[in-house]
Every structure is written in C-alpha cells, then in structure tokens.
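# pasting a predicted model and its sequence here:
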Amino acid sequence: MRPMRILYVTNDLPWPLTSGYLRHFHFIRELSARHRVTLLSLVRRDHGPGDVAALEPFTERVVTVPATFGRRTLAGRLGARARGLASGGDRAALDLGRLGASLASEAPFDALLLSGKRTYPVLRELPSLPLVADLCDATSSRIRRQARHARLVRRPSLALEYVEIRRVERALVARADHVLFASARDRDAIMGRTGGRAVPAVVPNGVDGTYWRRTSPTLGVDRIVMTGAMDYPPNVDAAVRLVTEILPLVHTEIPGAKVLIVGRDPSPVVGALASRPGVTVTGFVDDVRPYLDSAAVFAAPIRFGAGIQNKVLEAMAMEVPVVASPLAADGLRTEDGRTPPIDVARDAADTARLLIGRLRAAAASAGPDPALRAYVTDAFDWGRNAARVEALLAQAAGRGTAAPGDDSP
C-alpha cells in the first residue's frame with residue numbers, strides 16, 4: 001500500500017490523553033507511520049499551544065478552529081441547538097469545512113476520516129471525498145437513556161439534542177463509505193434503525209499495555225475507586241449514585257470503606273460529595289495509575305452512556321477487580337461474543353453486595369487478577385485496531401480490498 005494523504009477531522013483536539021479523545025490520538029499516531037495525516041480540529045478554550053505541538057510529530061499539519069460549544073446555561077444550550085438545526089450546523093464546524101476545502105484544493109486528499117457528530121457540517125465543503133465516519137458510540141441512545149434519569153428542566157434540551165444527533169447519525173450513514181463503531185452494541189443501535197449505503201465495522205478502543213501496568217503486587221484495602229472526566233453526565237450520575245445510594249449500603253458491612261472519585265473537572269454536585277464520610281474527590285491528577293494500584297475494587301455503576309468505558313479497560317489492564325453495571329459491561333463485549341471477566345450488578349443493592357465481596361477478598365489477601373489484563377490485551381489493542389482503520393481507509397480510497405473481519409455481507 002503506497003502512502004495515502006488522510007484528512008482527519010475531530011470535534012476536539014486529541015490531546016492531552018486525559019481527555020476523551022485518546023482514540024483519535026492513537027489512530028493518528030499509528031496511521032502516521034505509513035501515511036501523511038492532516039488534522040483538522042475544533043478546539044475548546046482550555047487548550048494551549050503545547051497541545052497542538054504534541055500532535056505535530058504525527059501530522060503534516062494541524063489546523064484548528066475555536067469551538068462555539070461548551071458550558072452554557074440551559075437557555076444558551078437550547079438556543080444553540082435550535083440555531084444549529086435551523087442553519088444546518090455549528091458555525092465553527094462550517095468554518096472548519098471551508099478550511100478543509102481550501103487544503104484539499106492545494107493538494108488533494110485520498111480519504112477523509114471524520115469523527116464526532118458536531119463536525120458533520122464539514123462534509124458540505126467536501127462532498128466528493130471518500131469518507132470513513134467514526135461514529136464511535138450511539139450518542140442518540142445515550143441521550144435517550146439520560147433523559148430517563150434527568151430532571152424535568154433538562155428534558156427539553158435533551159429532546160432537542162436527540163433530534164439533532166439522530167439527524168446527523170442518519171446523514172453520516174447515508175454519506176459514508178464505512179462507519180466505525182467502538183462496540184457491537186453501538187453498531188446494532190444505529191444500523192438497526194438507520195438505512196444507508198455505508199458498511200459498518202466494529203473497531204474498539206485500545207489500551208496502552210505498557211503504560212497501564214500495575215506496580216504493586218497486592219490490592220489495596222477498603223478502597224473503592226472510580227475514575228473518569230467528572231463533568232461528563234454519565235460519570236456525574238454514576239459518582240452521585242455510588243456515594244449516595246451504594247456506599248451507605250457498603251458501610252453497613254464495612255464501615256471503614258472509602259470511595260475515591262478520581263478525575264478532572266468535577267461538577268459542583270460531584271465536588272459536594274467530598275463532604276460525605278469516607279469520600280475523596282481528587283479533581284485533576286497527573287497520573288491515575290497510583291490510585292488504581294491502591295484500589296481494592298473499581299466501581300462503574302453507569303446508568304446511561306454509549307461506546308466503551310475506557311476507564312474500565314484501564315482498571316482491567318491494571319488487574320483491578322471491577323464491579324460494573326450491565327450497560328458498562330456490555331460495551332466491553334467483543335464482536336465474537338466474549339464477555340469481560342468482571343462482576344455485573346443489576347441495581348444499587350446488587351452493586352453494594354458485590355463491592356463488599358471484593359473488599360473482603362482484598363482484606364483477606366486476594367491478589368490482582370491477571371485474567372482481566374489478558375482479556376484487555378487480547379481484545380483491545382491499539383495497533384491491531386488502527387490497522388483495521390487503515391484498511392478501511394484504503395478501501396474507501398479505492399486502493400484496498402475488504403478489511404478482514406468487516407461486517408459487509
């Protein structure tokens with residue numbers, strides 16, 4: 001395969017790796033070894049020049065446009081979504097598309113890899129470029145589940161967001177040559193109710209096994225750890241549920257049990273959890289691994305969400321026992337039907353029971369579980385997954401045959 005020129009579009013900069021965009025960093029890094037990658041990205045205000053510089057070794061060029069979305073009041077969110085529906089897309093994404101068209105006129109690209117639903121308006125300016133769309137997760141399904149647990153005041157905003165996202169999901173499936181999903185569950189949720197010519201492919205996230213490797217030969221004692229971006233609604237809901245509903249049940253059996261909520265940008269409601277007995281909210285930390293090294297068990301009581309929970313993969317790679325909701329566990333099911341070797345809890349009482357069991361086992365000198373790491377390293381490898389993306393890009397560009405293991409008939 002001769003080198004391709006790839007235009008890679010993301011709705012936020014895939015750096016630093018504490019963000020939710022590590023999927024794209026690893027794909028870009030792997031693709032750059034054989035191809036020329038230009039990154040076109042929306043960026044939030046909290047990014048700096050150093051973030052762009054970190055991506056330059058893996059790209060021909062990085063072009064950014066300040067994002068117009070972010071934290072807003074409810075009225076602001078409703079207004080922005082209404083304007084987006086009326087105008088056909090976010091203004092910054094439309095600007096991004098014009099920049100992409102200008103770059104393509106200077107030197108043609110072989111294929112476009114587009115990630116994120118907010119970047120869809122980019123395609124207006126690049127109508128004929130072969131497209132691989134990385135939908136990653138079934139965002140519309142996540143929003144629908146979120147609405148079930150949301151306050152009444154939030155539901156109008158979520159309803160508008162759902163309409164907007166479903167429109168974009170349908171449009172991407174109709175326009176793309178291939179669509180990528182992080183899990184079979186997300187593929188089924190979108191392709192089962194969306195017609196289009198695109199060929200779906202499951203390309204999961206991965207784990208850097210060299211980085212996510214434990215240093216302690218023993219588990220911690222009485223420590224329940226949860227990690228993640230703590231302003232992300234599924235994580236906020238899970239953290240509140242863990243502390244307010246589940247931890248009191250654990251304390252009836254193990255009064256000394258502690259919960260550590262580890263992750264950047266804790267929302268006010270998450271920050272307030274630190275006032276409860278036995279609860280620590282760290283905010284941003286430079287390195288999550290010491291917290292996982294000291295954990296007796298990892299908790300993931302996620303009630304709504306989509307895609308793959310990277311935080312669970314990282315805990316598994318460090319051999320920490322996991323107690324997770326069916327939703328979190330199902331995202332880790334492999335395309336061939338294998339299920340992760342973790343404890344799955346149906347409700348708060350079941351979660352507390354399983355956490356108590358794991359805490360007692362750790363106190364009795366139960367060790368880390370190497371089966372967890374083996375499952376992750378076998379099924380969630382960045383190199384293999386990026387090779388799949390490369391093959392699909394080549395096929396879209398007319399240079400390759402069907403990628404091994406794709407979902408075409």
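The structure has been received and is ready for your questions.
# use CA for all of it now, contacts and neighbours both
Noted.
# need the next SSE after the helix-or-strand element of the chain with minimal mean pLDDT, C-terminal direction.
One helix or strand of the chain scores below all others by mean pLDDT, DSSP states H and E: helix 74-87, with a mean of 46. Using DSSP states H and E, the helix or strand that follows helix 74-87 in sequence is helix 91-106.
# paired strands for the very next helix or strand once past that following helix, with orientation please.
The first helix or strand that comes after helix 91-106 along the chain, using DSSP H and E, is strand 111-115. In the sheet, strand 111-115 lines up against strand 5-10 (parallel), strand 131-136 (parallel) (DSSP bridges).
# which one, of the ones you listed, ends up nearest to residue 225?
Closest to residue 225 of the strands paired with strand 111-115, according to CA to CA: strand 131-136, at 26.0 Å.
# just the residues contacting the closest one, thanks.
111-117, 169, 172-173, 175-183, 186, 307, 392-393, 396 (CA atoms under 8 Å, 6 or more residues apart in numbering).
# okay, and which of those map to helices?
Counting by DSSP state H, these place 169, 172, 173, 175, 186, 392, 393, 396 in helices.
# where in the chain is pLDDT low?
Flagging of the chain using pLDDT under 70 yields the residue ranges 18-20, 69-89, 193-196, 399-409.
# which stretches in it count as strands?
In the chain, the strands defined using DSSP state E lie at 5-10, 36-43, 61-66, 111-115, 131-136, 178-181, 199-202, 223-227, 258-262, 279-283, 297-300, 322-324, 343-344.
# re the thing from before, just the buried ones from the contacts of strand 131-136?
111-117, 169, 172-173, 175-183, 186, 307, 392-393, 396 (16 or more other CA atoms under 10 Å).
# tally of neighbours for residue 208?
17 (other CA atoms under 10 Å).
# you'd agree it is up against residue 382?
Yes. Using CA atoms under 8 Å as the test, residue 208 is close enough to residue 382 to be in contact (7.2 Å).
# JSON lines for the strands of the chain, including distance to residue 90?
Output for the strands of the chain, formatted as JSON lines (distance: least, CA to CA, whole Å):
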{"stretch": "strand 5-10", "distance to residue 90": "14"}
{"stretch": "strand 36-43", "distance to residue 90": "11"}
{"stretch": "strand 61-66", "distance to residue 90": "11"}
{"stretch": "strand 111-115", "distance to residue 90": "15"}
{"stretch": "strand 131-136", "distance to residue 90": "18"}
{"stretch": "strand 178-181", "distance to residue 90": "22"}
{"stretch": "strand 199-202", "distance to residue 90": "26"}
{"stretch": "strand 223-227", "distance to residue 90": "31"}
{"stretch": "strand 258-262", "distance to residue 90": "32"}
{"stretch": "strand 279-283", "distance to residue 90": "30"}
{"stretch": "strand 297-300", "distance to residue 90": "33"}
{"stretch": "strand 322-324", "distance to residue 90": "35"}
{"stretch": "strand 343-344", "distance to residue 90": "39"}
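# tell me where the stretch 251-400 of the chain has helices.
268-271, 289-293, 310-317, 326-330, 348-363, 370-379, 382-396 (DSSP state H, counting those that start in this stretch).
# what about those helices, which gets the closest to residue 140?
helix 326-330 (14.9 Å).
# what's in contact with that closest one?
By CA under 8 Å, 6+ apart, helix 326-330 touches 185, 300-305, 308-309, 339-340, 342, 344-346.
# how distant is it from the center of its chain?
The chain centroid and the centroid of helix 326-330 are separated by 14 Å under CA atoms, centre = their mean, to the nearest Å.
# swap in stretch 48-57?
That offset, for stretch 48-57, works out to 21 Å (CA atoms, centre = their mean).
# show me what counts as buried in it.
In stretch 48-57, counting by 16+ other CA under 10 Å, buried: 52, 55.
# what does stretch 214-223 give?
214, 218, 219, 220, 221, 222, 223.
# what sits against the nearest residue to the first one once chain neighbours are set aside?
What sits nearest to residue 214 in space, not counting adjacent residues and going by CA to CA, 6 or more residues apart in numbering, is residue 318, at 4.9 Å. Contacts here follow CA under 8 Å, 6+ apart; on that basis residue 318 touches 212, 213, 214, 292, 293, 368, 372, 373.
# tell me the contacts of the nearest residue to residue 6 once chain neighbours are set aside?
In space, residue 6 comes closest to residue 37 once its chain neighbours are excluded; the distance is 4.8 Å by CA to CA, 6+ apart. Going by CA under 8 Å, 6+ apart, residue 37 touches 5, 6, 7, 8, 28, 31, 58, 59, 60, 61.
# give me that answer again for 7 Å
5, 6, 7, 8, 59, 60 (CA atoms under 7 Å, 6 or more residues apart in numbering).
# which residues does the fourth one contact?
Contact analysis of residue 8 by CA under 7 Å, 6+ apart lists 37, 38, 39, 40, 112, 113, 114.
# picking up where we left off before, now distance to residue 279 too, for the buried residues of stretch 214-223, in a markdown table please.
Below are those laid out as a markdown table (distance: CA to CA, whole Å):
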| residue | distance to residue 279 |
| --- | --- |
| 214 | 23 |
| 218 | 22 |
| 219 | 19 |
| 220 | 16 |
| 221 | 15 |
| 222 | 12 |
| 223 | 10 |
